[in-house]
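Colleague: sequence plus predicted model, see below.
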Amino acid sequence: MPLRIFSILLLAASLMLILPTAWAADNVNIGIKTILASNDKQYQDPQLKGIIDELQTVFRFTAYRLLGQDRLSLATGETGNVSLPGGRVLSVTPTGSRGNRTQMDLGITKAGRRIFETRIELLNRGTITVGGPRHENGFLLLNITSE
């Protein structure tokens, strides 16, 4: 009998240590910066100082301006939405993970019509910038970070 009680207590203690870690792993924390990139004038938004060099190695624009910054905390399969300029909405859905990478479906709708759709695989604590639709005199860029 004492061995059985000890085994049950040991199992309960193990579950208390393991389960919070598993529950925490279910949510994906996502940061999204909406950037207007154009060739109007030479301008680099000071709020983008940490990522300008990365943007310029991939995109050939002369001006980068931060339009918005959002954070989402989503469970696998849950969809979060972010308002974008021009009456657009970005939807983000984490679809699963493999090793140290998270898969996400991204979609942009305007007036209820899907105008953009892609799937990305993002390293944990990694960042990717996705080119989006035309806006004003340039293009929207979506800088997405897994936090």
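Modeller: Thanks, I have the structure now.
Colleague: from now on I want contacts and neighbour counts done on CA atoms only, so please keep to that.
Modeller: Will do.
Colleague: for the helix or strand where Ile144 lies, packing partners?
Modeller: According to DSSP states H and E, Ile144 maps onto strand 138-146. Judged by 3 or more C-alpha pairs under 8 Å, 6 or more residues apart in numbering; DSSP states H and E, strand 138-146 is in contact with strand 27-38, strand 113-123, strand 127-135.
Colleague: that one vs strand 113-123, what angle?
Modeller: Taking axes from the mean of the first three to the mean of the last three C-alpha atoms, to 10 degrees, one finds strand 138-146 and strand 113-123 inclined to each other by 40 degrees.
Colleague: sheet partners, orientation included, of strand 138-146?
Modeller: strand 27-38 (antiparallel), strand 127-135 (antiparallel) (DSSP bridges).
Colleague: for those strands, which one ends up most surrounded?
Modeller: strand 27-38 (a mean of 21; mean count of other C-alpha atoms under 10 Å).
Colleague: pull that one out as CSV, backbone CA atoms only.
Modeller: Output in CSV follows, covering the C-alpha atoms of strand 27-38 (Å, rounded to 0.1, in the frame of the first residue of the first chain):
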residue,chain,number,x,y,z
ASN,A,27,0.2,29.0,-27.9
VAL,A,28,2.3,30.7,-30.6
ASN,A,29,3.2,34.4,-29.9
ILE,A,30,3.4,36.3,-33.1
GLY,A,31,4.6,39.9,-33.7
ILE,A,32,3.5,41.6,-37.0
LYS,A,33,4.9,44.8,-38.3
THR,A,34,3.1,46.3,-41.3
ILE,A,35,5.5,48.4,-43.4
LEU,A,36,5.0,50.6,-46.4
ALA,A,37,8.0,50.2,-48.8
SER,A,38,8.3,52.6,-51.7
